[in-house]
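K.L.:
give me coordinates for this.
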Amino acid sequence: MSRAIAKAVAETPRYLTLKEAAAYLSLSPKSLYRLVDARRIPFTGITISPREPDGPKRLHYRFDRVALDEFMADNAVVPPKHLRYMPLSLADK
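P.N.:
Just a heads-up that it's a prediction; the model follows:
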């Protein structure tokens with residue numbers, strides 16, 4: 001890992017808001033909302049009490065950066081062994 005990447009990871013907070021998590025994963029917030037809605041990505045929902053007595057409760061999402069990294073690793077597409085590390089010139093034949 002390069003120093004720049006290591007520094008960026010060290011400076012990233014452990015728990016991310018939806019916008020921060022979307023940027024971290026290079027997704028739009030709308031795409032991340034879809035994954036949350038489908039329960040396809042790890043997240044924590046935090047209910048915030050209303051500011052007014054009759055106001056609606058609000059749900060905020062938080063994403064554990066480590067869990068997101070594991071999610072990405074677990075969902076990585078790995079090519080079959082017979083296609084790994086094959087020069088492109090040989091793969092076309």
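K.L.:
which helix or strand in the chain has the lowest average pLDDT?
P.N.:
Ranked by mean pLDDT, DSSP states H and E, the weakest helix or strand in the chain is helix 88-91, scoring a mean of 59.
K.L.:
tally up the residues packed near residue 21, please.
P.N.:
By other Cβ atoms under 10 Å, 23 other residues sit near residue 21. C-beta coordinates here come from the backbone N, C-alpha and C atoms, glycine included.
K.L.:
ok, residue 63 next?
P.N.:
24.
K.L.:
surely it is in contact with residue 18?
P.N.:
Yes. If you go by Cβ atoms under 8 Å, residue 63 and residue 18 touch, sitting 7.3 Å apart.
K.L.:
can you list contacts of stretch 46-56?
P.N.:
57-62 (Cβ atoms under 8 Å, 6 or more residues apart in numbering).
K.L.:
oh sorry, the question was meant for stretch 73-80
P.N.:
In contact with stretch 73-80 (Cβ under 8 Å, 6+ apart) are no residues whatsoever.
K.L.:
okay, residue 37 and residue 62: tell me how far apart.
P.N.:
Here residue 37 is placed at a distance of 16 Å from residue 62 (Cβ to Cβ, to the nearest Å).
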